[in-house]
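Colleague: Mind looking at a prediction? Sequence and model below.
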Amino acid sequence: MIIDASHYALEETPWTERAACRGIQNPDVFFPGQGESTAEARAICHPCPVRQECLEYALRWRIDHGVWGGKATRERQRIEKTRGRPRLLPAPHGTTTRYARGCRCETCSEARVSYSHSHDRNGT
């Protein structure tokens, strides 16, 4: 899956300049497939001076893929449950091709329905 990050106005991330993963030749190590090991990514994250900032960023934006701050998706989900934080949604959302998964606002609900209907008619 390719994610076009230009659609997201998340936040400034100056801490990434000091990240241990900066310049890694194979960033796929941070996005292992189902059942693949996260050990290599964790080894890179462990001594990172901005590990906590990275983790907080992933938690704040509920990034649901990859290893961030040395934590895999399920670990971040457990942290999120214990904290009970509300989700900050990336912008823009609520168009027929981009709605925030899990968002229950009227705009996203309408967009989700419209998107579903357009794909039902096209058979995709």
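Modeller: All right, it came through fine. Numbering: from 1, shown residues only.
Colleague: residues in contact with Gln52?
Modeller: Shown here is Gln52, whose contacts under the criterion Cβ atoms under 8 Å, 6 or more residues apart in numbering are Gly69. Where you see a C-beta, it was placed from the backbone N, CA and C, and this is true even at glycine.
Colleague: next SSE after the helix or strand hosting it?
Modeller: Mapping Gln52 onto the secondary structure by DSSP states H and E places it in helix 51-60. Counting by DSSP H and E, the element after helix 51-60 in chain order, helix or strand, is helix 73-83.
Colleague: Got the domain ranges for the protein?
Modeller: According to automatic domain parsing, the chain comprises the domains 12-83, 89-124.
Colleague: Tell me, how many residues neighbour Thr38?
Modeller: When counting by other Cβ atoms under 10 Å, one arrives at 19 neighbours for Thr38.
Colleague: what sits against it?
Modeller: Applying Cβ under 8 Å, 6+ apart, we find Thr38 in contact with Pro32, Val67, Ala72.
Colleague: The same query, at a cut-off of 10 Å, please.
Modeller: Taking Cβ atoms under 10 Å, 6 or more residues apart in numbering as the contact definition, Thr38 lies against Val29, Phe30, Phe31, Pro32, Cys45, Gly66, Val67, Gly70, Lys71, Ala72, Thr73, Glu75.
Colleague: Kindly state the neighbouring-residue count (a burial measure) for the closest residue to the fifth one other than its chain neighbours.
Modeller: Distances taken as Cβ to Cβ, 6 or more residues apart in numbering place Gly70 nearest to Cys45, at 3.6 Å, with adjacent residues excluded. Using other Cβ under 10 Å, the number of residues around Gly70 comes to 20.
Colleague: Could you do Ser109 as well?
Modeller: A total of 13 residues lie near Ser109 under the criterion other Cβ under 10 Å.
Colleague: can you check the one 5 residues further on too?
Modeller: For Ser114, the neighbour count with other Cβ under 10 Å is 14.
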